[in-house]
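J.: okay, sequence plus prediction incoming.
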Amino acid sequence: MPLVSNQDVLEKNPAMLRPHPRHIKKFTFKYEENYIEIFLTNGFLLKIEFIDEVVLRRCKGRRVKVTKAENELEKSTCVENELLKLFGDENHENLRIDTLRIEECGRRSAGIQILCRTWTRMAYKLKVRRLEYSVMDLDRYLTQTVESLDPSYLKSISLTHNEKYIGDCRYFDESIFKLEQWKNLESIEMMHHWSDMRTLVDHWTHFENLHLSYDVLEDQVTGAVPSIHDGVKELKEVGLVIGEGLKLKLLSNIYLKKYTINIRNINEFDVNRIQQSFEQRVDLQEEYSSFQYPNMDKWLTAYVQPDGIMFFDYKKMMARDEERRKKTDMDCDLDSEENLEVVMDGESSEDMEELADDEDSSGE
């Protein structure tokens, strides 16, 4: 049975989808102060508007549906019911979503609260491969959203916010670190600027891929820029058993592929200290440092620059670059062969014409 959604049926009634399995490439939940929009990659669009004590539901291919809602709870329930038609109940447990995008377009909106209330009404955890969370505040609603997703299916999270908002989130809900979803996550990207090296060391070193922005905050009393040398150095240390369990560091993470930290406001002296404290290998370029994994023929490589630090698996990166180079060479060779065939075909035609002319001349 195909992975499907029948667009014509869906436009008429979002609850009437084909039987399992169901597959949605991208599900977008976008909200402002007075409206919520839901997009699916197959063209389905539902817009819900809040006007005084009325909820308007506009669905592509259907008439506008008007519902009276005297308070915020009734408005929320209208939206939740529409979402449950799409997400389904326990009978829709085979729903698969490649990317779930939650996008905030207005700071005074209750959109994310409504979505989280929907999670509590669902009988199962949603199977989402990648979560794109474009919301300014990374508070308990982020944790509730991640907790509502199947930990064995979720692989990647992207944390961004609308570019028109200046600044970063005021609060990050650290209870997310206790979730199985966070512990099993393979990749994470975060546009918000982090500023706590201790937490970074303790809870952000188990990923295969990480891209993080980091802000070195000035001391509020002296105005001095603190050093992050010790924290960065500790990032690559071997994990130790501390408190409730193993605190993974980068040299304990054998699955690491690429770990990038873009750093803002680091002082030049700190950059030099970090570079000097990382030992050099003669087979690498000067700006690279490398560390051997314990009891393994495997190396973690570091690249330190004033605007950031990158840790990566040198062999994997070189193998990937070599594969890309071979593919490029192969494409070039194929293009050359095609050009050669065209040229050869052209030469053969000209040769035949010349031969024919010669035969005509000899006949005369």
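T.: Everything's here; your move.
J.: residue 162 reaches residue 102, doesn't it?
T.: No: counting by CB atoms under 8 Å, residue 162 does not reach residue 102; the two are 11.9 Å apart. Backbone N, C-alpha and C define where each C-beta goes, glycine included.
J.: intersection of neighbour lists for these two?
T.: Counting by CB atoms under 8 Å, 6 or more residues apart in numbering, the contacts common to residue 162 and residue 102 are residue 134.
J.: more neighbours, the two?
T.: residue 102 (20 against 13; other CB atoms under 10 Å).
J.: check contacts around the more buried one.
T.: By CB under 8 Å, 6+ apart, residue 102 lies in contact with 29, 112, 115, 131-135, 145.
J.: closest to residue 208 out of those?
T.: Distance to residue 208 across these (CB to CB) is lowest for residue 131, with 16.2 Å.
J.: residues in contact with residue 130?
T.: 98-100, 154-158.
J.: which member of those is positioned nearest residue 249?
T.: Using CB to CB, the contacts of residue 130 come closest to residue 249 at residue 157, 21.0 Å.
J.: secondary structure class for the closest residue to residue 227 other than its chain neighbours?
T.: Take residue 227 and drop its neighbours on the chain: the residue closest to it by CB to CB, 6 or more residues apart in numbering is residue 270, 5.1 Å away. Per DSSP: H, G, I helix; E, B strand; the rest coil, the secondary structure class of residue 270 is helix.
J.: hang on, residue 270 packs against residue 231?
T.: No: at 10.5 Å, residue 270 does not count as touching residue 231 under the criterion of CB under 8 Å.
J.: show me the helices in the stretch 251-364 of the chain, by range?
T.: 268-277, 314-363 (DSSP state H, counting those that start in this stretch).
J.: do the stretch 1-150 of the chain as well
T.: Taking DSSP H, counting those that start in this stretch as the criterion, the stretch 1-150 of the chain contains helices spanning 7-12, 72-87, 111-121, 140-147.
J.: on that earlier part again, now the buried members of the contacts of residue 130.
T.: 99-100, 154, 156-158 (16 or more other CB atoms under 10 Å).
J.: closest to residue 291 among the residues you listed?
T.: Among those, and counting by CB to CB, the member closest to residue 291 is residue 156, at 26.5 Å.
J.: show me what contacts residue 261?
T.: 210, 212-214, 308-310.
J.: let's see 10 Å
T.: Neighbouring residues of residue 261 by CB atoms under 10 Å, 6 or more residues apart in numbering: 194, 197, 200, 204, 210-214, 228, 232, 235, 308-311.
J.: any idea how far it lies from residue 103?
T.: Separation of residue 261 from residue 103 (CB to CB, to the nearest Å) stands at 26 Å.
J.: ditto for residue 156
T.: 17 Å.
J.: what about residue 253, how many residues nearby?
T.: Residue 253: 20 neighbours (other CB under 10 Å).
J.: for it, what are its contacts?
T.: If you count contacts by CB under 10 Å, 6+ apart, residue 253 has them with 205-208, 236, 239, 259, 293, 300, 311, 313.
J.: mind putting the contacts of residue 102 into CSV with neighbour count, distance to residue 171 and pLDDT?
T.: Putting the contacts of residue 102 into CSV (neighbours: other CB atoms under 10 Å; distance: CB to CB, whole Å; pLDDT from 0 to 100) gives the following:
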residue, neighbour count, distance to residue 171, pLDDT
29, 21, 22, 93
112, 20, 14, 91
115, 21, 19, 92
131, 24, 19, 98
132, 18, 20, 97
133, 21, 15, 96
134, 18, 17, 92
135, 23, 12, 90
145, 23, 15, 96
